[in-house]
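*Asks:* here is my input, please return the structure:
(2 chains)
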Amino acid sequence: MKTIQELYKTQSICPICRKPLPANYVLDDGKAYLRKTCPEHGTFESCIAEKADDFIKWTDHQVINIPPKRPITKGEAGTCPLNCGTCEEHLQTACCVLIDVTKRCNQHCPYCFARAEEDVSLDFSLAEMEQKYDLLLSLGEERPFNIQLSGGEPTVRDDLPEIIKMGRDKGFEYIQINTNGRRIATEEGYAKKLKAAGATVIFMQFDGTTDGIYHTLRAEPLLDLKKKAIQNCRKAGLPVTLVPTIVKNVNLNNIGAMMEFLLDNVDVVKGIHFQPVSFFGRYPDEMCEAGGVHHDFENRVTMFDVMHEMEKQTAGKFAYDDLCPITTGHTLCCFYGTYSKEADGSVKSLISEQTKAAGVGCCCEADPLAVIKKDRDFVLNKWDLPEQSEQDCGCDCDSAKSEESGCCCDGAKSQENDCDCVSTEPEILDFDQFLIQLKRNMFTVSAMAFQDASNLDAERLRRCRVQQLTEDDRLIPFCAYNSIYRGEV
Amino acid sequence: MESKQTLKCNKCDVTMGLIEAQFSYLDRSFRHKVLRCPKCGQVYIPEDLAKGRMSEVEAALEEK
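*Replies:* Numbers count the residues shown, from 1 in each chain, chains lettered A, B, ... in the order given. Next up is the predicted model:
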């Protein structure tokens, strides 16, 4: 006989009428689900973890939340997330704030959370952008928010370098560009312009290593274009983080190949940030209904699926046990790991047992500002390349000095430059050399499990640290924005 | 004229000399020049090294 165990209650919304509803996390047949019933539209369920143990272990981790400096909107009991702004009920100040600098896009992807089009709508002006930056400086703490410039496709704006430079001049230390990479690939010198303007990282759509995947998710073959964009970033000294959208029957089975691609390009690719598909914006999938229950989307992928598949497809090289939650936020929203590629081609996890147990970001700092700084400096330090002056590692390979390839020794050997100077004998370095080499060969593996109307949990939203700055100058948790507010605020 | 500072080993009372020492931590090895007592082999780690580069390496290797 089937046993259903109720774990805990939260609040969600009806995916059809968007009204707030009570919801329950339950264990059913060894899996963890979020379930809710709308009096008008029926029962909805979404799988959160295929293995109950994963859910229980993960949600048992410690969480540290530091609330926003000041609320923008007024919350009301029982109505979350209908008053987002952030309201005074919100528990976590933003780590990264997203600004959509345009709604336009130069692709028309079947899967697009922003439902972006190649339209002619007006972008806001540089003067308006300046007001937005100033607002964020007043809302943020002493260490300003990290910024993601997004859209639409931000590179369709010719003044994107000016927008980046304005932000850096105002004191924002980290500005990441969320892009499909098309303009970086096709316009010679564009990556250098972004770098010169002060872009910190290219957060690049990269869904896998076959054109079939791109055909399904992006309606065109894009693999060569992605490789070209990465090569141009390499030439510009601009770090890249790969951002795959993972759809179960499309590219969940390509994770191992993506990890190999990262390792081949670790000299410039400093991270891979998986985004299990979220069903908001534009997508071709439908929920299936049976017996009065709306079951989950067939293509749903949980972050636990990603972790287990990664371990399986890399023969244990990237183990589930090496990954842990980020403690400023909600433990069901992210996983994280740091690695270095070793001289013999193997990888080494840099997460200590202590950190694994406590979760990344859980520091001994008693001062909230110190926690905020550590949180916001995290990607700044991780998704970074050694300075050009530090690139020469002393090997005899001429390509190490070439602008085309960057340095290629010690595991940083790339597909693009087949230098044979990789030594399998670890050389004993001094501390400075070691830190440079580590930065060159270090990379992160992470994911963000976005919520859509099916699996939205108000408690997770209240702890959200990735917030969207809206046209009407509110800060809205990213998942609430895309599930409810996009196009309306 | 500026005099060069020397350190003596507290235990052996002999002048310490600069050598390149090898450090090991979490299966990694590093080298750095430090003062060492030629008699007992004890090395002196100055505060700026302990709180500087050594601390950076420790933090990087342990995700601190």
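*Asks:* which helix in chain B has the most residues?
*Replies:* Taking residue count as the measure and DSSP state H as the definition, the longest helix of chain B comes out as helix B:53-62.
*Asks:* what packs against it?
*Replies:* Helix B:53-62 is packed against helix A:431-441, strand B:17-25, strand B:28-36, with contacts defined by 3 or more C-beta pairs under 8 Å, 6 or more residues apart in numbering or on different chains; DSSP states H and E. Using the backbone N, CA and C atoms, a C-beta is placed for each residue, glycine as well.
*Asks:* who are the contact partners of the residue nearest the centre of chain B?
*Replies:* In chain B, the C-alpha nearest the mean C-alpha coordinate belongs to B:Ile45, at 3.4 Å (C-alpha atoms, centre = their mean). For B:Ile45, the set of contacting residues under the criterion of C-beta atoms under 8 Å, 6 or more residues apart in numbering or on different chains consists of B:Val34, B:Met54.
*Asks:* mind listing what's buried in the longest helix of chain B?
*Replies:* By 16 or more other C-beta atoms under 10 Å in any protein chain shown, the buried positions in helix B:53-62 come out as B:Arg53, B:Met54, B:Glu56, B:Val57, B:Ala60, B:Leu61, B:Glu62.
*Asks:* over to stretch A:128-141?
*Replies:* For stretch A:128-141, the neighbour count (16+ other C-beta under 10 Å) marks A:Met129, A:Lys132, A:Tyr133, A:Leu136, A:Leu139, A:Gly140, A:Glu141 as buried.
*Asks:* for the first one, give me its contacts.
*Replies:* Put plainly, it is A:Met129. Each residue near A:Met129 by C-beta under 8 Å, 6+ apart is listed here: A:Ile99, A:Val101, A:Ile163, A:Met166.
*Asks:* tell me the spacing between the last one and B:Val57.
*Replies:* Spelled out, that is A:Met166. A:Met166 sits 37 Å away from B:Val57, taking C-beta to C-beta, to the nearest Å as the criterion.
*Asks:* residue ranges for the strands of the stretch 251-400 of chain A, please.
*Replies:* If you assign secondary structure with DSSP state E, counting those that start in this stretch, the strands in the stretch 251-400 of chain A sit at A:269-276, A:288-290, A:293-295, A:334-341, A:347-349.
*Asks:* residues in contact with the last one?
*Replies:* When you say that, I think you mean strand A:347-349. Residues lying outside strand A:347-349 but in contact with it, judged by C-beta under 8 Å, 6+ apart, are A:Leu263, A:Lys317, A:Phe318, A:Ala319, A:Asp322, A:Gly337, A:Thr338, A:Tyr339, A:Ser340, A:Lys341, A:Glu342.
*Asks:* centre of the chain to the lowest-mean-pLDDT helix or strand in chain A, how far?
*Replies:* Across the helices and strands of chain A, the lowest-confidence element by mean pLDDT, DSSP states H and E is helix A:353-358, at a mean of 74. The chain centroid and the centroid of helix A:353-358 are separated by 22 Å, computed with C-alpha atoms, centre = their mean, to the nearest Å.
*Asks:* got any ranges where chain B has weak pLDDT?
*Replies:* Counting by pLDDT under 70, chain B has low-confidence residues at B:1-4, B:64.
*Asks:* need the residues of it near chain A, please.
*Replies:* Residues of chain B found near chain A (C-beta under 8 Å from any C-beta of the partner chain) are B:22, B:28-32, B:53-54, B:56-57, B:60-64.
*Asks:* and these, which is closest to A:Asp28?
*Replies:* Ranking those by separation from A:Asp28, with C-beta to C-beta as the measure, puts B:Glu63 on top at 35.3 Å.
*Asks:* got the residues of chain A near chain B?
*Replies:* If contact is defined as C-beta under 8 Å from any C-beta, the residues of chain A in contact with chain B are A:338, A:350-352, A:354-355, A:360, A:363, A:426, A:428-432, A:434-435, A:438, A:442.
*Asks:* from B:Glu62, how far off is the residue in the stretch 251-400 of chain A that chain B sits nearest to?
*Replies:* Using C-beta to the nearest C-beta, the point where the stretch 251-400 of chain A gets nearest to chain B is A:Ser352, with a distance of 4.2 Å. Distance, A:Ser352 to B:Glu62, using C-beta to C-beta: 4 Å.
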